[in-house]
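# here is a sequence with its predicted model. Questions after.
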Amino acid sequence: MKRVYPDKEYCIGCHLCELACITAHSESKDLILAYTKERNEKGLSPCKRVFEKGDICVAISCRHCDEPSCVAACISGGLRKDPETGQTVYDRDKCVGCWSCLMACPYGAIRRHPVENKIVKCDLCQDREDGPACVAACPNQALKYEER
């Protein structure tokens, strides 16, 4: 299965991946509206986070693990492993906001939704035909969408 892999050697900490993620998951699909209006009013939050320490930057998102610990920790069935696609799928209607998945994820890739009592997790931009928005937006190709 294809996954998004970060490369800290090429990440410059520009956060364009976060902006692309917000835009791709917005209602408007417009960067300015998504960032200025939907982010504030609806708590639109990127599925990806750029971590920076000194000169080192890396973009982290769900790795869609082969045996995801977040799925094992989920008490409500809100997270499951899709046997056909290999993706770790999130069902927001089943999520009870217990945060067990946040604690179980070894990558720190699952986040609390800033407004709702739910989580935010990468879905690999399933609605996009050309792959994840974060990968397309990265100017240094520090994010790769590939099988390994």
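Looks like it arrived, so ask away.

# does A72 sit in a helix, a strand or a coil?
helix (DSSP: H, G, I helix; E, B strand; the rest coil).

# quick one: contacts of the worst-scoring helix or strand of the chain on mean pLDDT?
Sorting the helices and strands of the chain by mean pLDDT, DSSP states H and E puts helix 39-42 at the bottom, at a mean of 86. Helix 39-42 is contacted from outside by I22, S45, V115, using CB atoms under 8 Å, 6 or more residues apart in numbering. To be clear about C-beta, it is placed using only N, CA and C from the backbone, and glycine gets the same treatment.

# swap in 10 Å and give it another go.
For helix 39-42, the surrounding residues in contact (CB atoms under 10 Å, 6 or more residues apart in numbering) are L19, I22, S26, E27, L33, A34, S45, P46, H113, P114, V115, E116.

# can you name the next helix or strand after that helix?
Under the assignment DSSP states H and E, the closest C-terminal helix or strand after helix 39-42 is strand 49-53.

# any buried residues in that following strand, and which?
Buried positions in strand 49-53, judged by neighbour count with 16 or more other CB atoms under 10 Å: R49, V50.

# CA atoms only: put the following helix or strand past that strand into CSV for me.
In the C-terminal direction, the helix or strand that comes right after strand 49-53 (DSSP H and E) is strand 56-60. Taking Å, rounded to 0.1, in the frame of the first residue of the first chain, the C-alpha atoms of strand 56-60 are listed here in CSV:
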residue,chain,number,x,y,z
ILE,A,56,15.7,19.9,11.7
CYS,A,57,12.1,19.8,10.5
VAL,A,58,9.8,16.9,9.6
ALA,A,59,6.2,16.6,8.7
ILE,A,60,4.3,13.9,10.6
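
# all the helices of this protein, in order from the start?
In the chain, the helices defined using DSSP state H lie at 16-24, 31-33, 39-42, 69-73, 100-104, 133-137.

# alright, that wraps it up for me.
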